[in-house]
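Chemist: here are the coordinates; sequence isn't available:
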C-alpha cells in the first residue's frame, strides 16, 4: 500500500494503518520523515503522559486504571510501553503488561510496545515519532510507560508533558535514585500499593523533598493509590489534567515546551547527519583505506578528515 | 603552558603533563584532536587490557595484583578506572579503588578515574583517547577497569585488545547477564574469590558455555584466582600475554583490529559532525525561530532541514 493511502487511513482512525506506520518508524524507513513532517501541524492537542518508576511499583496496573478512567471520559488513549531490549529485564515486564491487553478490544485504545535505544539506553527517537503520529491521529491522551531503569526514566521529560512517578512503600535503596534527579522530573506522584505498610513514610519523605524547593509555580501533588482496586485513580487523573492546563497557561510550561522543541530539532538534525556520515564512511571504507590504517601508514584522524571533507568540502577535523 | 611543551614533557614520561593532557581530553578541548593525531603514529605498542565483571567481583583487587605483576616484569602500567556518573553506583566503588592507590608512589604506574557517557552510558570517547595518549607515552600495559554495569561492559571490546571477565562463586542472576552477550566478549576468565564455596560450579558453567562454540581459534582460558592473596594471578597474566601474541599472529585478531579501526574512524567523524551540528543549531536558534515553532507556524522537521542546508548546502532532511 502506498504511504499516502496508509497515512490517510491512519488519520481516519484505522488502527491497523497506525500500527503499520509505527513499524515504518521503528524500521527507520526512508519515507517516515516526510510523513512526520506532514502530520506535524496536526499535533499539539494530546496530553502526553509519562508513567515511570521502579520495576515492581505497579506501573502497568496503574496505567491500566488510568486508561480506564480516560476512556470513561470518552477520550481516545494511545499507550507506548517501553521495553528495554536489555537482558536485565527478563520477561516479567511483558507478563505484567498482559493485564493492559484487555483494552485491545476497545477501538479507542491503542497499545504498542517499543524497545529502548541500546541495551540500557534511553528512549528511542521512534518513541517520540510515534507520539507525533498518535497525536495527529486524534488520540487525546498518549501514555508512555517506561520500565524505570536507567536513561529512559530521565529521557521521558523530553517527550512527556506530564511525568507521573510511581513509588511504593518499602523502597529502600530507591530513595537514592529519587534523590539523584528522578524526583525533579516528576510532576505528579503516585504512592502505589498504598494499602501496604510503610506508605506514610514514603509519602512523608516525598513531601519533605518537595518542600526543599521553594516558590515553584507547580507543586507536584502526591497521591496515594491502590491501582489493583482503583483507589485514588480519579484524583491522580484530575492532577494530570490540572498539570496539562498549568503548562499551557504558565511561563514555566512555555519554557519547557521551548526546550523540548529545541531538543527535537537537534535530534532530527543529528539523526540525519549521523545517517549521512555512516553512509559516506561505508562508501569510503575500502580495503585499501583499511590496509593503510592497519599498517599505520595512515591514522583514524587523517581518514576521518578525508571522509568529512567529502561530506562538507573544506572542513578540517583537526 | 603551550600544548606542544606539555606534549613533549608527557612523551618524556612526565606524569603531571600526562594528567593535564587527559584533562584537556576530558574537557573536549579544541586542541586535543591535533594532539591525538600527532601522537597516533607512536601508538600500537601497548597491551590494552579490559577488566570487567559484576560489582563486588573483586575487580579492583584483581587489577591491583595484575599491576603488581606487570611491574615486577619492569613494565609501565596505566590504569583507567571507569566510574559511572550514575546515582546507582554510590561511593562504594571509589572506596574499593583506594586499594590501588598504593601504586601512586610508583612512577611506573599511572591511575586515572574517568566517567561514563550518560548516567548508565557506555565508555566515553575520552577513555579511548586516553589509551592513545598513554600508549604513545610508553605505557606497556594499559588497563581499563569498568564497573560492569550496562553499556560500558559491552563497549570495552571496542577499546581493549584483551577482555578479562571477572566472575565470582554464587552469582545467581548474573548468569542471565553472562548468557546475554558479555560471555562472548571475554578472552580470559578469572573466577575470583576461588576460596569461596561454589567456585567449581561457576567454573563448570563457564566451561560448558565455552564448549558450545566449536572451532574457535582462541579458546578463552578459565583461571581460578584469589586476588586478595595473589593466587592464580601469575597464570592469569600469562594468558593475557598469550592472547596479545595470538591477536598479532591470527587472522581473527587482524579482523578484530580492522573492526576496531573502522569503529574509531566512525567515532571521530560522528564526534566532529555532532559538534558542528550543535554549533550550527545554536547559531540558528533565535527567539524568532523558536517563536515560529511554539506557534506551530513552523515545525521541527522544516527547521532541521534549514539548519542542515546551512551545514551542507543542497541537502534535504525529508
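Modeler: Looks like it arrived, so ask away. Note that the structure is a prediction, hence the values are computed from the model and not measured.
Chemist: from the middle of its chain, how far away would the host helix or strand of residue A:234 be?
Modeler: Using DSSP states H and E, residue A:234 sits in helix A:233-249. Mean-position distance between helix A:233-249 and its chain equals 19 Å (CA atoms, centre = their mean, to the nearest Å).
Chemist: what's the residue closest to the geometric middle of chain A?
Modeler: Centroid check for chain A by CA atoms, centre = their mean gives residue A:156 as the closest residue, at 4.6 Å.
Chemist: which residue packs closest to that one, ignoring adjacent ones?
Modeler: residue A:50 (3.9 Å; CB to CB, 6 or more residues apart in numbering or on different chains). From N, CA and C alone the C-beta is placed, and that goes for glycine too.
Chemist: Quick one: list the elements packing against the host helix or strand of the one you found.
Modeler: Assigned by DSSP H and E, residue A:50 belongs to strand A:47-53. Contact here means 3 or more CB pairs under 8 Å, 6 or more residues apart in numbering or on different chains; DSSP states H and E; on that basis strand A:47-53 packs against helix A:59-72, strand A:141-145, strand A:162-167, helix A:233-249.
Chemist: One more pass at 6 Å, please.
Modeler: Strand A:47-53 is packed against helix A:59-72, strand A:141-145, strand A:162-167, with contacts defined by 3 or more CB pairs under 6 Å, 6 or more residues apart in numbering or on different chains; DSSP states H and E.
Chemist: now residue A:213: how far from chain B?
Modeler: For residue A:213, the distance to chain B (CB to the nearest CB, to the nearest Å) stands at 18 Å.
Chemist: That should have said residue A:136, apologies.
Modeler: Look at residue A:136 and chain B: by CB to the nearest CB, they are 11 Å apart.
Chemist: Check that residue and give its pLDDT.
Modeler: pLDDT recorded at residue A:136 is 97.
Chemist: on that earlier part again, and the angle for the helix holding residue A:234 with helix A:59-72?
Modeler: 80 degrees (axes from the mean of the first three to the mean of the last three CA atoms, to 10 degrees).
Chemist: Next, work out how far apart residue A:313 and chain B are.
Modeler: 9 Å.
Chemist: Also residue A:162?
Modeler: 18 Å.
Chemist: Enumerate every residue touching that residue.
Modeler: A:49, A:187, A:240, A:243 (CB atoms under 6 Å, 6 or more residues apart in numbering or on different chains).
Chemist: between the residues you listed, which is nearest chain B?
Modeler: In terms of CB to the nearest CB, no member of those lies closer to chain B than residue A:243, at 18.8 Å.
Chemist: quick one: that closest one and residue A:187 touch, right?
Modeler: Yes: counting by CB atoms under 6 Å, residue A:243 touches residue A:187, with 5.0 Å between them.
Chemist: of all the residues in the stretch 151-300 of chain A, which ones are close to chain B?
Modeler: Within reach of chain B by CB under 6 Å from any CB of the partner chain, the stretch 151-300 of chain A has these residues: A:151, A:176-177, A:180, A:258, A:261, A:264-266, A:268-270, A:272-273, A:277, A:281, A:290, A:293, A:299-300.
Chemist: Buried ones only from the residues you listed, please, as a ChimeraX command.
Modeler: In ChimeraX syntax, the buried subset of these is picked out as below (16 or more other CB atoms under 10 Å in any protein chain shown):
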select /A:151,177,258,261,264,265,266,268,269,270,272,273,277,281,290,293,299,300
